[in-house]
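Trainee: show me how the following folds:
(one chain, ligands or ions: 1)
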Amino acid sequence: MAYETILVETRERVGLITLNRPKALNALNALVMEEVVAAAQAFDENPRIGAIVITGSEKAFAAGADIKEMLPKTFIDAYMEDIFSGWDGLVRVRKPVIAAVAGYALGGGCELAMMCDFIIAAENAKFGQPEITLGIIPGMGGSQRLTRFVGKSKAMDMCLTGRMMDAAEAERSGLVSRVVPPGELIEEALKAATTIAEFSLPAVMMAKEAVNRSYETTLTEGLRFERRVFDSMFALDDRKEGMAAFTEKRSANFKNR
Ligand SMILES: CC(C)=CC(=O)SCCNC(=O)CCNC(=O)[C@H](O)C(C)(C)COP(=O)(O)OP(=O)(O)OC[C@H]1O[C@@H](n2cnc3c(N)ncnc32)[C@H](O)[C@@H]1OP(=O)(O)O
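Mentor: Residues are numbered from 1 along each chain as shown. Model (predicted):
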């Protein structure tokens, strides 16, 4: 499939999606949303792919939803289009998705990164929810996901002042999992994705589902869910292979079954 706003590559068992609207600092318009979701879903369905990385440029992961596209819209346009709801397709991807963020990740850019399973940031990354400066509030999940990542006080600070957070603060606050030099970002993200892709795919997908469940339910229900999923893993050939490989002091050869 030919894409206009993104570059799509396969590296070993990893699908790499690069936002590619450099003149607009990768601002997220409707076409970007459609293409990112389509590419991620294609990787999700591809049995040769075990993990996905989404990245931007060194200057901008994405500087937000496209303000110029939003400017002429009316309430009824936004409501009837259910603007941004297309991104739910990315959240439904079952394989792990890593955001590799350098430069600006603002508004929808920060929100896109937070839709991914974890964020690896370059030292020059800047995160923010500056929607308030435009007379609006976050609309791609920022008020909800940022609060879960960094807690109420910092989420309020970010959403109410519109200030940016640098990579060190983002790591301290739990928004990003690790920070690396800009020149090592893609390599680090691909390395993490390749590590994941070498494990048993059903086990990886179940781990993602279990962690995500912790956001949606009580601790008691979440623990029950984890235990039931854990029990079901004794039906996997890969579980037998992983444990046998450990005891036989060799590498596991997972078959994703
Ligand atoms: C999801 C929801 C509900 C909302 C949102 O996401 S609203 C958008 C939130 N983001 C922002 O408010 C950030 C807007 N951008 C900036 O503040 C600046 O561009 C910057 C600080 C990120 C970078 O400043 P710099 O001076 O380095 O670059 P610019 O000359 O300002 O930008 C270059 C080029 O990109 C266009 N641009 C940047 N961001 C957006 C955007 N979000 N939507 C549309 N276009 C954007 C900018 O207009 C300029 O293009 P032109 O020279 O052709 O105007």
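Trainee: check which helices and strands the helix ranked longest in the chain sits against.
Mentor: The longest helix of the chain (DSSP state H) is helix 30-45. Other elements packing on helix 30-45 under the criterion 3 or more Cβ pairs under 8 Å, 6 or more residues apart in numbering; DSSP states H and E are strand 6-11, strand 14-19, strand 51-55, helix 88-91. Every residue, glycine included, has its C-beta placed from N, CA and C.
Trainee: winner for burial among these?
Mentor: strand 51-55 (a mean of 26; mean count of other Cβ atoms under 10 Å).
Trainee: with just CA atoms, put that strand into PDB.
Mentor: What follows is strand 51-55, C-alpha atoms only, in PDB (Å, rounded to 0.1, in the frame of the first residue of the first chain):
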ATOM      1  CA  ALA A  51       6.300  -5.600  17.500                       C
ATOM      2  CA  ILE A  52       5.800  -2.200  16.100                       C
ATOM      3  CA  VAL A  53       7.700   1.100  16.500                       C
ATOM      4  CA  ILE A  54       6.200   4.500  15.800                       C
ATOM      5  CA  THR A  55       8.600   7.500  15.400                       C
END
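Trainee: just give me how far the helix or strand just after it sits from the chain centre.
Mentor: Downstream of strand 51-55, the first helix or strand assigned by DSSP states H and E is strand 60-62. Relative to its chain's centre, strand 60-62 lies at 13 Å (Cα atoms, centre = their mean, to the nearest Å).
Trainee: partner strands of strand 60-62, parallel or antiparallel?
Mentor: strand 104-106 (parallel) (DSSP bridges).
Trainee: gap between the next helix or strand after the strand it pairs with and the chain center?
Mentor: Moving toward the C-terminus from strand 104-106, the next helix or strand (DSSP H and E) is helix 108-115. The chain centroid and the centroid of helix 108-115 are separated by 7 Å under Cα atoms, centre = their mean.
Trainee: now the angle from helix 108-115 to strand 51-55?
Mentor: In terms of direction (axes from the mean of the first three to the mean of the last three Cα atoms, to 10 degrees), helix 108-115 departs from strand 51-55 by 160 degrees.
Trainee: tell me the buried residues in the helix or strand hosting M243?
Mentor: Following DSSP H and E, the helix or strand that holds M243 is helix 237-247. Neighbour counts over helix 237-247 (16 or more other Cβ atoms under 10 Å) mark D238, R239, E241, G242 as buried.
Trainee: got the contact list for the closest residue to the ligand within the stretch 151-257 of the chain?
Mentor: Here the stretch 151-257 of the chain gets closest to the ligand at one residue, G162, 7.9 Å apart by Cβ to the nearest ligand atom. Contacts for G162 (Cβ atoms under 8 Å, 6 or more residues apart in numbering) come out as G128, Q129, P130, E131, I132, T133.
Trainee: neighbour-wise, give me the winner out of these.
Mentor: Q129 (29 neighbours; other Cβ atoms under 10 Å).
Trainee: wait, that residue sits on M156?
Mentor: No: judged on Cβ atoms under 8 Å, Q129 makes no contact with M156 at a distance of 10.3 Å.
Trainee: count the residues that sit near the closest residue to L201 other than its chain neighbours.
Mentor: In this structure, L201 finds its nearest non-sequential neighbour in N256, 4.2 Å apart by Cβ to Cβ, 6 or more residues apart in numbering. Neighbours of N256 under the rule other Cβ under 10 Å: 15.
Trainee: which parts of the stretch 101-250 of the chain are helices?
Mentor: Per DSSP state H, counting those that start in this stretch, the stretch 101-250 of the chain carries helices over the ranges 108-115, 142-150, 152-161, 167-172, 185-198, 201-213, 219-232, 237-247.
Trainee: got these as a markdown table, with distance to E45 and mean pLDDT columns?
Mentor: Shown next, in a markdown table, are the helices of the stretch 101-250 of the chain (distance: least, Cβ to Cβ, whole Å; pLDDT from 0 to 100):
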| stretch | distance to E45 | mean pLDDT |
| --- | --- | --- |
| helix 108-115 | 19 | 98 |
| helix 142-150 | 25 | 98 |
| helix 152-161 | 34 | 98 |
| helix 167-172 | 32 | 98 |
| helix 185-198 | 15 | 98 |
| helix 201-213 | 13 | 98 |
| helix 219-232 | 22 | 98 |
| helix 237-247 | 20 | 97 |
